[in-house]
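coords below, sequence missing:
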């Protein structure tokens, strides 16, 4: 099995994708292509190059976080007249059940962070934000260096930290 991460296209087989989380399964089955067409998000798939079967995916979109939600240090970087800080939203990141426990979640995350870092060099972006669903996802992102945004349930990772991670 050869695996490749690429933007979702019609040739990718999503029908059999199963991560046992109905919301995430339904997204890749029914909604992802519509979001791409409407420019609401980009969807990147971990694709089995032998048969074009989707084994995992993540989504990225632009986002803004209210300065009052950021911890003090990142909020100070915003000029006083900026109400929101520009961020990238890693909206979904999931690997199908058959692929879990093999490190593919980390590979997808690193790919997503690298893409966000590339964009941040062209378009102002302070951090990557995630909105983890459940304790397992919170622990995964925490282990990867994400920090909770107070009062929101979301987590973030500053671009400076991502740059250090990616450029090791």
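Looks like it arrived, so ask away. The model shown is predicted, which means the values in this text are computed figures rather than measured ones. Numbers count the residues shown, from 1 in each chain.

report the beta-bridge partners for residue 54.
According to DSSP bridges, the partner residues bridging residue 54 are residue 47.

that one contacts residue 17, correct?
Yes. Here residue 54 reaches residue 17: they are 5.2 Å apart, a contact under C-beta atoms under 8 Å. For glycine as for every other residue, the C-beta is placed from the backbone atoms N, C-alpha and C.

so what's the residue count around residue 98?
Residue 98: 12 surrounding residues under other C-beta atoms under 10 Å.

show me what contacts it?
Applying C-beta atoms under 8 Å, 6 or more residues apart in numbering to residue 98 gives the contacts residue 55.

which phi and psi does it have?
When read as degrees, to the nearest 10, the backbone of residue 98 gives phi -60, psi -20.

repeat for the one 4 residues further on
Its backbone dihedrals place residue 102 at phi -110, psi 10, with angles given as degrees, to the nearest 10.

who's the closest spatial neighbour of the most centrally placed residue in the chain, skipping the chain neighbours?
Residue closest to the average C-alpha location in the chain (C-alpha atoms, centre = their mean): residue 90, at 2.6 Å. Nearest non-adjacent residue to residue 90, counting by C-beta to C-beta, 6 or more residues apart in numbering: residue 130, 4.9 Å away.

next helix or strand past the lowest-mean-pLDDT helix or strand in the chain?
None of the helices or strands of the chain scores lower by mean pLDDT, DSSP states H and E than helix 72-76, at a mean of 85. Downstream of helix 72-76, the first helix or strand assigned by DSSP states H and E is strand 84-95.

residues contacting the next helix or strand after that next one, please?
In the C-terminal direction, the helix or strand that comes right after strand 84-95 (DSSP H and E) is helix 104-120. With contacts defined as C-beta under 8 Å, 6+ apart, helix 104-120 is touched by 3, 5, 44, 46, 55-58, 60, 88, 90, 93-95, 125, 128, 140, 144, 157, 159, 162-163, 165-166.
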